[in-house]
Structure formats: structure tokens, C-alpha cells
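**Student:** fold the following.
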Amino acid sequence: MTLQRIERVLGVCTALGLLIGLYIGLIYAPPDAVQGEVQRLMYLHVPLILVSYLAFFVVFVTSILYLGRRSRQYDAIAHSSAEIGTLFTALAIATGSIWGRPTWGAWWTWDARLTATAILLLIFLGYLMLRALMEDESRGAAFCAVLGIIGFLDIPIIHMSVVWWRTLHQPASLLKSGLWTVAPDMLTALLTNLAAFVLLYGYLLAKRLRLEGAREELFNLRMELLG
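**Tutor:** Numbering: from 1, shown residues only. You can find the predicted model right below:
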């Protein structure tokens, strides 16, 4: 099976996963007993932020590999994953803000978890800006690899912020003492959407890497013509 065929299959699976996830989250799962219908934003907000963590973990690993081996392939994966992670983080903040307005009475508050997540977004926006501004690609890749590693270290702070400080953001409530603490229908909706967003990440990463490969081919062709 060719890479393009795999990409198409992944795209179809992603589309089906998102449709099923939205149906389960918006229709099948019951509304929350306290928050009502607005709680359904959880089925977008939580998968978005968790998959952004996955994307930045890929950046972290491939950045370390790039610094050790100086392979453009690792750099391409890190760059592509950083773009997707930044997009997902921005969407997670947006959906969290919409959820927070009726729940907390404010679109934004300088809560520890929200602030740390905003810092994560700013770090990787800086990562992408550095990519765009550096004329020397190898130096830019090295600087961005270091920034990508540092940026990932913010994620444990985000995760533990609700434990270390008093915050408006609720603490971990899905899994306590090794046991699931949400209703089975809600858990099904959440895990289905999480799986769908993981597929979406994989599909976008495959697309982005194909574009990166085409850019690399164009660059090599230009060098041959100039040489």
C-alpha cells in the first residue's frame, strides 16, 4: 500500500471517528447533572488539550534526536508536529474560554492552569516565528529544537498546577485511585472523541510531512540548478 493510499485511509477513518464522536457527545451522552448542556464542550476541550500534549511530546523526542543526529527528517517531524500542537492548544484555550463563561462567570481568569497553558501557546508561537525568521535553516532548526525541548517541560507544570496551587480549574476528575469516576455514557463519548482527535493528529501530521517532503525536493532541485 502506497503512502498516499495510507493517507487516504487515515483521512476516511478520521472523518468517521469525528462524526461518531460528535454524535455520541452531542446526542447519545446525557447532559451533566450540574452544568447541563454546556458540559458537552468537554468532548472537544479535553481531547484537544491531550492531543496537543501528544504533539509536543513528539516535538520533544524528535528535537532531542535532531540535536544528536542532525537529521532533517527528525527536524521535519518536529516542525510539523509543533504546528499542529500549537493549533490544538489555541483551540483548547478557545473552547475552555467558552466553557468557562457560564461556569465561572468569566471568559478568562489568571488561573494557574490557564496561565501555564497560555505560556505553552506563546512558547510554541515563538518556536514557529523563529522558524520563519531564521535565514540559516540548520541554525534555526537547532535553536528551535532547544526551544521545543524547553517548551515541553511546561506540560508537567500544567498538569500538576491544580495540585500545587489553589485554582478555579477543577482537579483531575476522570480517574481517581485507578478507577473511572464519570458515567459510562460520558466516558464512552470522551474516549471516542479522544481517539478521533488522535487520528486527526496523525492525518494532519502525514499531510504536513508530505508538504515538507515536497519543499525539500524543491529546495534540492533549486540547488542543482544554481550549481
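
**Student:** in stretch 194-205, which residues are buried?
**Tutor:** Buried residues in stretch 194-205, counted by 16 or more other C-beta atoms under 10 Å: Leu194, Ala196, Phe197, Val198, Leu199, Leu200, Tyr201, Gly202, Tyr203, Leu204, Leu205. Quick note: C-beta positions are derived from backbone N, CA and C, even for glycine.

**Student:** so what's the second one up against?
**Tutor:** Contacts for Ala196 were tallied using C-beta atoms under 8 Å, 6 or more residues apart in numbering; they are Thr14, Gly17, Leu18, Ile20, Gly21, Pro47.

**Student:** now do the strands in the protein.
**Tutor:** 175-176, 179-180 (DSSP state E).

**Student:** follow-up on the earlier one: need the buried residues of stretch 194-205 in JSON lines with pLDDT, can you?
**Tutor:** Output for the buried residues of stretch 194-205, formatted as JSON lines (pLDDT from 0 to 100):
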{"residue": "Leu194", "pLDDT": "96"}
{"residue": "Ala196", "pLDDT": "97"}
{"residue": "Phe197", "pLDDT": "97"}
{"residue": "Val198", "pLDDT": "97"}
{"residue": "Leu199", "pLDDT": "97"}
{"residue": "Leu200", "pLDDT": "97"}
{"residue": "Tyr201", "pLDDT": "97"}
{"residue": "Gly202", "pLDDT": "95"}
{"residue": "Tyr203", "pLDDT": "95"}
{"residue": "Leu204", "pLDDT": "95"}
{"residue": "Leu205", "pLDDT": "95"}
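
**Student:** good, wrapping up.
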